[in-house]
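Engineer: what's the 3D shape of this:
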Amino acid sequence: MAYDKANGVLAAVVGGRPPFTVGAPMDLPEGLETETWTWDGTVWSQQPAASPPQGGLMCFDESKDEIVLFDAADTWTEDGSTWTEATIPPALSSPAPTNLAAAGE
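Structural biologist: Numbers count the residues shown, from 1 in each chain. Got it, this is the predicted structure:
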């Protein structure tokens, strides 16, 4: 879960197969699709956008007004309507980056 400050909602990615399932096929069985839901303080709403894989950490990137999801293998971003697999600069894909602020420059 992460608070989407740009849209004023709490976002959650739910469903799918549990993370870290050893030997599981990559395709999710029917009925186990991952979904994105938002909470506006009153009601939960399912979002129409396709969702990233479940099982990761989410945060809000204020500099880009988007949610970022990190899972075991990929990074995804969501702008309030669409999830996109992110391309990580080579400097950040190496272990223990020393200057994260420089990556956006």
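Engineer: find the least confident helix or strand in the chain, judged by mean pLDDT.
Structural biologist: helix 90-93 (a mean of 55; mean pLDDT, DSSP states H and E).
Engineer: and residue 44, how far from residue 36?
Structural biologist: 11 Å (C-beta to C-beta, to the nearest Å). For glycine as for every other residue, the C-beta is placed from the backbone atoms N, C-alpha and C.
Engineer: more neighbours: the two, which one.
Structural biologist: residue 36 (22 against 11; other C-beta atoms under 10 Å).
Engineer: residues contacting that one?
Structural biologist: Taking C-beta atoms under 8 Å, 6 or more residues apart in numbering as the contact definition, residue 36 lies against 11, 12, 13, 14, 46, 47, 49, 51, 78, 83.
Engineer: so what's residue 84 bridging to?
Structural biologist: Applying DSSP bridges to residue 84 gives these bridge partners: residue 77.
Engineer: verify the contact between it and residue 69 for me.
Structural biologist: No - contact criterion C-beta atoms under 8 Å: residue 84 and residue 69 do not qualify, at 10.6 Å.
Engineer: neighbour count for the two, which is higher?
Structural biologist: Higher neighbour count among residue 84 and residue 69: residue 69, with 25 against 14, using other C-beta under 10 Å.
Engineer: now whatever helix or strand the more buried one lives in: mean pLDDT?
Structural biologist: Taking DSSP states H and E as the definition, residue 69 sits inside strand 66-71. Mean pLDDT, computed over strand 66-71, is 86.
Engineer: contacts for it next, please.
Structural biologist: So strand 66-71 is contacted by 2, 4, 6, 11, 13, 19, 52-61, 75-80, 83, 86 (C-beta under 8 Å, 6+ apart).
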